[in-house]
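>>> from the sequence below, what's the structure:
(2 chains)
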There are 2 protein chains.
Amino acid sequence: MSEESSGNTRKVEVVPSPALFPVYFDNTDCTVVVIDIFRATSAICAAFESGIDSLIPVATLEEAIEYKQKGFLVGAERNAEIVEGFDFGNSPQGFKGGRFKGKTVVLTTTNGTRAIEMAKPAYKVVVGAFTNLTAVCKYIEKEDKDVLLLCAGWKDRFNLEDTLFAGAVAQKISKNLRFTNLSDSSIAAINMYNSAKEDTYEFLGESSHRKRLSRLNMEEDIIYCLTLDQSNIVPVLEGDVIVSNNK
Amino acid sequence: MSEESSGNTRKVEVVPSPALFPVYFDNTDCTVVVIDIFRATSAICAAFESGIDSLIPVATLEEAIEYKQKGFLVGAERNAEIVEGFDFGNSPQGFKGGRFKGKTVVLTTTNGTRAIEMAKPAYKVVVGAFTNLTAVCKYIEKEDKDVLLLCAGWKDRFNLEDTLFAGAVAQKISKNLRFTNLSDSSIAAINMYNSAKEDTYEFLGESSHRKRLSRLNMEEDIIYCLTLDQSNIVPVLEGDVIVSNNK
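Numbers count the residues shown, from 1 in each chain, chains lettered A, B, ... in the order given. This next block holds a predicted model:
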């Protein structure tokens, strides 16, 4: 691509870890997709699909406890498990059934909600997962801004599943000529997605977090989180609250 | 791999950016390979191959100027070009001919020397490039410590060529059963190397830094930096000075 044409296209950059967000976030006029496949962002998409009205992401357990005392339904996960005393964790399966319909829920997780917090100054912050991949890509194209694909990772380390999803988004939107100004991190993520897409479950077999979840008997969650396009909703941050784009 | 067997193997972790080094560097008893393919670590390997006695890496231009005033041969690169007033930059071609033989030279570069500085507290810090790939892998196996493959990147961003080399090292040493405890970042880098290794030049065609260097007419350097095993020397940090492991 010539220098000239790149001026007319949107940047698409994968941020491999929240610790690198400040390095890539040099322009707030962008769409940030927050990605925490296992399992925060998959769970948030599931919550909206099950009919919640809105979701308040909070970074700390202290804030979560305050909301619980006010009578909210509050979820809290640390190190892949539900924190004792809370209503749910970050399992997408936890949102099955009707009890969340129309409710505002609160959620804090190890990595995902912190990434949402960091991205707040951006023009738009949305929640992405394999379960709403196509909807997220359509949303990005419609907004027509530079794109940061923010991988929540695991305690600031790179992880495979978040980068894999970032690669899926980058690959899909880069078919649109507006989104062809790819960073090195996007090229690498697309390359990885292309080599993994036939069987993402198998590809992630050796990943650290899949092993962590497998030990906790969360195979059903893993399969759910890797199943494409189960929802047409894009959860979008508005102020401090996440709402549905279809609202 | 079972939890038990992973206790008997060495960790192999790719650090995708110097900004993530503190996250991965949780144990100083390790071998750190500093990687800045275009071009600092390729140039350092070329300098030793051409017969220098030792190399002093410095992080700032101020320090470089001090050494120059003391009469040292001093190289300085910023934004891919030689800084005016210095003897050389970070082109490996700059070390051709006999003028460096037996000398101690000083070098500061945009990304590479800063990464060396960060890694200093480690048990061993070595300089890796495609040009000494096999020698570096043998060194790592002999030391038999956990391994951090530190990509210098570009101003704290992920880059393709450094990660590609990290993948080459991880792939090669993981054939040794002692080095099979791979991080997610290592799995991703190996995957990328496997898909690129038949033609790394072509694979890097769209990379940001190859484009940057191509604009500066540095194609010859690029090809040099991607050519495997031109040197059997592993440059090793001893105190503040880099020396040859064959010394």
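
>>> show me what contacts A:R157?
The contact partners of A:R157, taken as C-beta atoms under 8 Å, 6 or more residues apart in numbering or on different chains, are A:17, B:20, B:23-24, B:183-185. Every residue, glycine included, has its C-beta placed from N, CA and C.

>>> ramachandran coordinates for it?
phi -90, psi 150 (degrees, to the nearest 10).

>>> most surrounded residue in the contacts of A:R157?
B:S185 (30 neighbours; other C-beta atoms under 10 Å in any protein chain shown).

>>> for chain A, what lies in contact range of chain B?
For chain A, the residues in contact with chain B (C-beta under 8 Å from any C-beta of the partner chain) are A:14, A:16-17, A:19-20, A:23-24, A:154-160, A:163, A:182-185, A:187-188, A:191-192, A:195-196, A:206-209.

>>> could you list the low-pLDDT ranges of chain A?
Within chain A, the set of residues satisfying pLDDT under 70 comprises A:1-7.

>>> all strands of it, in order?
Applying DSSP state E to chain A gives strands spanning A:11-15, A:30-35, A:54-57, A:73-78, A:81-82, A:104-108, A:124-128, A:146-151, A:181-182, A:235-238, A:241-244.

>>> for the second one, buried residues please.
Same thing as strand A:30-35. A:30-35 (16 or more other C-beta atoms under 10 Å in any protein chain shown).

>>> cool, the fourth one as well?
By 16+ other C-beta under 10 Å, the buried positions in strand A:73-78 come out as A:73-77.

>>> which residues touch the residue positioned nearest the centre of chain A?
Centroid-nearest residue in chain A, with C-alpha atoms, centre = their mean: A:I35, separated by 2.5 Å. Residues counted as contacts of A:I35 (C-beta under 8 Å, 6+ apart) are A:41, A:115, A:128-129, A:149-152, A:162, A:165-166.

>>> in chain A, which spans are helices?
A:3-7, A:21-24, A:40-49, A:61-69, A:112-119, A:133-143, A:160-173, A:184-196, A:200-203, A:208-215, A:219-225 (DSSP state H).

>>> highest average neighbour count across the ones you listed?
Comparing the helices of chain A by mean neighbour count (mean count of other C-beta atoms under 10 Å in any protein chain shown), helix A:40-49 ranks first with a mean of 28.

>>> what is it packed up against?
In terms of contacts (3 or more C-beta pairs under 8 Å, 6 or more residues apart in numbering or on different chains; DSSP states H and E), helix A:40-49 is packed against strand A:54-57, strand A:104-108, helix A:112-119, strand A:124-128, helix A:219-225, strand A:235-238.

>>> need these in JSON lines (columns: distance to A:Q93).
Putting those into JSON lines (distance: least, C-beta to C-beta, whole Å) gives the following:
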{"stretch": "strand A:54-57", "distance to A:Q93": "17"}
{"stretch": "strand A:104-108", "distance to A:Q93": "15"}
{"stretch": "helix A:112-119", "distance to A:Q93": "17"}
{"stretch": "strand A:124-128", "distance to A:Q93": "18"}
{"stretch": "helix A:219-225", "distance to A:Q93": "6"}
{"stretch": "strand A:235-238", "distance to A:Q93": "18"}
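
>>> out of those, which is closest to B:V105?
Evaluated over those, closeness to B:V105 peaks at helix A:112-119, with 41.9 Å, by C-beta to C-beta.

>>> just the C-alphas of the closest one, formatted as PDB.
C-alpha atoms of helix A:112-119 as PDB (Å, rounded to 0.1, in the frame of the first residue of the first chain):
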ATOM      1  CA  GLY A 112     -11.900  -8.100  31.300                       C
ATOM      2  CA  THR A 113     -13.400  -5.400  33.300                       C
ATOM      3  CA  ARG A 114     -10.000  -3.700  33.900                       C
ATOM      4  CA  ALA A 115      -9.500  -3.600  30.100                       C
ATOM      5  CA  ILE A 116     -13.000  -1.900  29.700                       C
ATOM      6  CA  GLU A 117     -12.000   0.700  32.300                       C
ATOM      7  CA  MET A 118      -8.800   1.600  30.500                       C
ATOM      8  CA  ALA A 119     -10.600   2.100  27.200                       C
END
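
>>> just to revisit the earlier point, out of the buried residues of strand A:73-78, which comes closest to chain B?
Using C-beta to the nearest C-beta, A:E77 comes nearest to chain B of those, at 19.6 Å.

>>> does the closest one touch A:N90 like I think?
Yes. The pair A:E77 / A:N90 is scored as a contact, 4.1 Å apart, by C-beta atoms under 8 Å.

>>> now do the shared contacts for the two.
With C-beta under 8 Å, 6+ apart, A:E77 and A:N90 have common neighbours A:39-40, A:109.

>>> quote the end-to-end distance of stretch A:49-63.
Terminal residues of stretch A:49-63 lie 25 Å apart, using C-alpha to C-alpha, to the nearest Å.

>>> same check on stretch A:98-114?
Stretch A:98-114 has an end-to-end distance of 28 Å (criterion: C-alpha to C-alpha).

>>> in it, what's buried?
For stretch A:98-114, by 16+ other C-beta under 10 Å, it's A:100, A:104-114.

>>> may I have stretch A:168-180 as PDB, with CA atoms only?
What follows is stretch A:168-180, C-alpha atoms only, in PDB (Å, rounded to 0.1, in the frame of the first residue of the first chain):
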ATOM      1  CA  ALA A 168     -10.700 -13.000  13.300                       C
ATOM      2  CA  VAL A 169     -12.000  -9.400  13.400                       C
ATOM      3  CA  ALA A 170      -9.000  -8.000  11.600                       C
ATOM      4  CA  GLN A 171      -9.300 -10.500   8.900                       C
ATOM      5  CA  LYS A 172     -13.000 -10.000   8.400                       C
ATOM      6  CA  ILE A 173     -12.900  -6.200   8.400                       C
ATOM      7  CA  SER A 174      -9.800  -5.900   6.300                       C
ATOM      8  CA  LYS A 175     -11.800  -7.300   3.400                       C
ATOM      9  CA  ASN A 176     -13.400  -3.800   3.400                       C
ATOM     10  CA  LEU A 177     -10.900  -1.500   1.700                       C
ATOM     11  CA  ARG A 178     -11.500   1.100   4.400                       C
ATOM     12  CA  PHE A 179      -9.800  -1.100   7.000                       C
ATOM     13  CA  THR A 180      -6.600  -2.200   5.300                       C
END
